[in-house]
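In: Got a sequence here, can you build the structure:
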Amino acid sequence: MTTQHPTGSAGTTGATSGTGTTGPARTTAPASTGDTSSTMDTSSTMGTTDTRGTDTTGARTTGTSHTTGATRAAGVVARTFHLAARPRGFPTPDLFTVHEAPVPDPSPGVAVVENLYLSVDPYHREEMDSGWDVGAPREGRALGRVIASRAPEFAEGDLVLHREGWRTHAVVAPGGSGVRKVPSYDGVPLTAYMSLLGGTGLTAYVALTRTLELRPGQDLFISAAAGGVGTAAGRMARLLGAGRIVGSAGTPAKVARLTGELGFDAAFDYHDGPVGELLAQAAPDGIDAYVDNVGGDHLAGAISALREHGRIAWVGAVSQYHSAHEPPAAPRNLFDIVEKSLRLEGVMVRNYPHVQQELEDFLVPLLRTGAVVPEVTVVAGFERTVDGFLGMLRGENTGKMLIRIAD
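Out: The predicted model follows:
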């Protein structure tokens with residue numbers, strides 16, 4: 001019988017991949033949930049070189065042999081975060097537990113990966129309300145290195161992106177949901193695959209090029225502009241030739257960074273007054289397009305500022321993630337969408353895997369030269385995963401929030 005201990009996160013390694021199990025699991029003692037500021041690594045920011053993993057090929061084995069029996073996974077303990085209970089309001093560390101189990105040997109057709117980076121994302125908060133089962137492992141994007149394989153597509157040492165996050169190890173199958181081998185791009189930092197070249201960057205790129213159909217010279221507003229999707233959208237919009245780019249953020253420091261370092265023409269702290277008024281001051285002539293990561297008053301403000309035939313790409317709604325049981329009312333000016341012939345469309349990145357190569361063709365040359373550098377905030381240590389997640393929900397990150405758990 002397994003005893004549950006609160007930690008801030010938990011899960012069994014590889015058990016949810018559908019390709020292998022880890023055997024009997026046990027629950028560990030509570031994980032650290034201290035102040036994330038003490039372990040935040042912000043050295044990998046826009047304009048600053050990420051010194052970890054800049055050579056993605058140096059970590060991989062170029063041979064084609066595949067393990068068939070005992071592997072490097074033998075004797076290794078995997079740790080996984082589970083959801084212990086559903087939140088009411090802002091999540092707390094006691095809603096998570098950490099489970100341990102042996103790392104399995106791979107069965108035919110699958111590979112075992114050791115995760116290097118984990119992604120913690122705003123949508124994880126929504127999943128805590130209904131998407132994830134209580135007592136089950138959590139899901140999320142991850143970048144891992146193959147340590148044992150019986151899949152011809154994966155060799156030991158390959159880097160693989162997958163969705164078995166919130167754990168130290170995972171069992172993955174080629175062709176599985178979100179599973180893909182990382183291309184060999186010399187000079188591209190590992191963090192890029194989890195940010196600009198990952199789901200975060202693809203979301204921003206799809207929002208700009210498919211949903212908004214942004215054209216050179218058009219003016220753009222981005223809410224939560226200092227977050228993962230926000231910083232990526234701002235950078236890409238500038239590369240695509242956007243006109244005036246305006247962003248909202250939650251602190252004066254983030255506002256200063258948006259305009260001082262990240263290419264925004266104007267920005268405001270949404271705590272300083274009604275968003276509609278602040279946006280009107282930042283974009284007095286209006287806007288053509290809006291990337292919405294917030295919803296609520298930001299959406300209402302954008303509807304007021306949009307010119308006729310403007311477009312809205314709705315990515316997220318962080319303003320209501322902690323009040324799913326009592327969501328806020330719809331914007332009072334919603335009918336302006338009709339009066340101004342606006343178009344509002346949701347952005348679901350899973351519908352655009354065919355755009356991934358286009359995104360890489362667009363950004364990889366710039367990443368190689370250093371003209372574009374991933375904007376990330378990194379928390380070091382698997383035991384700090386919940387710290388990073390809660391810190392992201394509090395807005396303590398600039399750019400994409402990542403958890404680095406191995407080198």
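
In: What is the neighbour count of E213?
Out: When neighbours are counted by other Cβ atoms under 10 Å, E213 registers 12. Any C-beta I mention is one placed from the backbone N, CA and C, and that applies to glycine too.

In: F90 too?
Out: The number of residues packed near F90 is 12, by other Cβ under 10 Å.

In: same thing with the one 10 residues further on?
Out: Neighbouring residues of E100 were enumerated by other Cβ under 10 Å; the total is 19.

In: Could you look up the SS state of it?
Out: Judged by DSSP: H, G, I helix; E, B strand; the rest coil, the three-state class of E100 is strand.

In: Need the per-residue pLDDT for it.
Out: Looking at E100, its pLDDT stands at 97.

In: Bridge partners for it, pull those for me.
Out: R26, R79 (DSSP bridges).

In: Hmm, F81 and it touching each other?
Out: No - the pair E100 / F81 is not scored as a contact, 11.2 Å apart, by Cβ atoms under 8 Å.

In: list residues touching both of these two?
Out: Any residue near both E100 and F81 by Cβ atoms under 8 Å, 6 or more residues apart in numbering counts here, and not one turns up.

In: E126: how many residues sit nearby?
Out: Number of residues near E126 (other Cβ under 10 Å) recorded here: 17.

In: try L262
Out: Summarising burial for L262: neighbours were counted as other Cβ under 10 Å, giving 24.

In: show me what contacts it?
Out: When contacts are counted by Cβ under 8 Å, 6+ apart, L262 touches M46, A225, A226, T231, G234, R235, E375.

In: N351: neighbouring residues, count only.
Out: Each residue near N351 was counted by other Cβ under 10 Å, and the total is 11.

In: What pLDDT is listed against it?
Out: Predicted confidence (pLDDT) for N351: 96.

In: now do T92
Out: Confidence at T92, expressed as pLDDT, is 95.

In: ditto for T57
Out: Reported pLDDT for T57: 32.

In: start to end distance for stretch 370-385?
Out: 29 Å (Cα to Cα, to the nearest Å).

In: Next, the buried residues of it.
Out: For stretch 370-385, burial by neighbour count (16 or more other Cβ atoms under 10 Å) applies to V372, V373, P374, E375, V376, T377, V378, V379, F382, E383, R384, T385.

In: How about stretch 351-365?
Out: Within stretch 351-365, the residues that qualify as buried are Y352, V355, Q356, L359, E360, F362, L363, V364, counting by 16+ other Cβ under 10 Å.

In: same deal with stretch 176-189?
Out: Neighbour counts over stretch 176-189 (16+ other Cβ under 10 Å) mark G176, G178, V179, R180, K181, V182, Y185, V188, P189 as buried.

In: Quickly name whichever of those residues is closest to L393.
Out: Nearest to L393 among the buried residues of stretch 176-189: G178, at 22.4 Å, using Cβ to Cβ.

In: could you measure the closest one against G199, distance?
Out: Distance, G178 to G199, by Cβ to Cβ, to the nearest Å: 8 Å.

In: Equivalent analysis for V229, please.
Out: Separation of V229 from G199 (Cβ to Cβ): 9 Å.

In: For those two, indicate the residue with more neighbours.
Out: When V229 and G199 are compared on other Cβ under 10 Å, the one with more neighbours turns out to be V229, at 29 against 23.

In: Touching, the more buried one and T203? I think so.
Out: Yes - counting by Cβ under 8 Å, V229 touches T203, with 5.3 Å between them.

In: Make sure R86 is indeed in a strand.
Out: No - going by three-state DSSP, the assignment for R86 is coil, not a strand.

In: Now the phi/psi pair for it, please.
Out: The phi/psi pair for R86 (degrees, to the nearest 10) reads phi -90, psi 140.

In: follow-up on the earlier one: what's the overlap in contacts for G178 and G199?
Out: Common contacts of G178 and G199, defined by Cβ under 8 Å, 6+ apart, comprise R141.

In: now the buried residues of stretch 351-365 as a markdown table including secondary structure and distance to L161?
Out: Formatted as a markdown table, those follow (DSSP: H, G, I helix; E, B strand; the rest coil; distance: Cβ to Cβ, whole Å):
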| residue | secondary structure | distance to L161 |
| --- | --- | --- |
| Y352 | coil | 15 |
| V355 | helix | 15 |
| Q356 | helix | 10 |
| L359 | helix | 13 |
| E360 | helix | 12 |
| F362 | helix | 18 |
| L363 | helix | 15 |
| V364 | helix | 15 |
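
In: Make JSON lines out of those and add distance to D288.
Out: Converted to JSON lines, the buried residues of stretch 351-365 look like this (distance: Cβ to Cβ, whole Å):
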{"residue": "Y352", "distance to D288": "22"}
{"residue": "V355", "distance to D288": "22"}
{"residue": "Q356", "distance to D288": "27"}
{"residue": "L359", "distance to D288": "22"}
{"residue": "E360", "distance to D288": "27"}
{"residue": "F362", "distance to D288": "21"}
{"residue": "L363", "distance to D288": "23"}
{"residue": "V364", "distance to D288": "28"}
